[in-house]
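Colleague: need coordinates for the below:
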Amino acid sequence: MNPPVSTLLADKGSAIVSVPVSATVGDAVRVMNTHKVGAVLVMNGDQIAGIFTERDVLYRVVATELPPATTPLAQVMTRDPKVLAADATVSEALAFISEKRCRHLPIVENGKLIGLISQGDITRWLVQAHKAQAEHLMSYISGEYSV
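Modeller: Coordinates of the predicted model:
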């Protein structure tokens with residue numbers, strides 16, 4: 001079973017946590033904390049200008065001792081993030097995330113942003129999709145399974 005990533009969005013919901021390109025690092029971090037997410041999309045109107053992640057906070061802000069309250073987000077965000085089409089498969093998304101070493105992936109359909117998936121979303125979907133297999137394996141490992 002290898003459905004399109006739009007399936008993940010259908011389960012997760014397509015709410016997009018974003019900030020405007022004019023935001024500061026402090027603004028973005030507050031939004032991330034409020035929504036309990038590891039990344040926000042940085043938007044210029046309805047266009048993706050970038051993505052700002054926990055890694056960006058660590059490597060581009062904290063490590064360089066930039067002041068979050070006054071540092072423009074546009075200065076430290078990841079510009080022009082890679083996107084994936086809504087009809088790409090879950091396997092393609094997993095391979096893409098592994099190859100590009102990213103944790104968050106904007107999903108587009110007909111050039112329009114429709115959602116954001118994360119490594120965790122893919123993992124949750126895989127666990128749910130293969131729950132029966134996992135339960136079978138666990139019963140075998142624990143010795144409760146008989147042939």
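Colleague: what helices or strands is whichever helix or strand L8 is part of leaning on?
Modeller: Per DSSP states H and E, L8 falls inside helix 6-12. Under the contact definition 3 or more C-beta pairs under 8 Å, 6 or more residues apart in numbering; DSSP states H and E, helix 6-12 sits against helix 90-100, strand 104-109, strand 112-118, helix 119-129. (Each C-beta comes from the backbone N, C-alpha and C, glycine too.)
Colleague: cutoff 7 Å now
Modeller: strand 112-118, helix 119-129 (3 or more C-beta pairs under 7 Å, 6 or more residues apart in numbering; DSSP states H and E).
Colleague: mind checking which of these is nearest E92?
Modeller: Evaluated with C-beta to C-beta, these place helix 119-129 nearest to E92, the distance being 10.7 Å.
Colleague: so for the closest one, what gets flagged as buried?
Modeller: Buried residues in helix 119-129, defined by neighbour count with 16 or more other C-beta atoms under 10 Å: 119, 121-122, 125.
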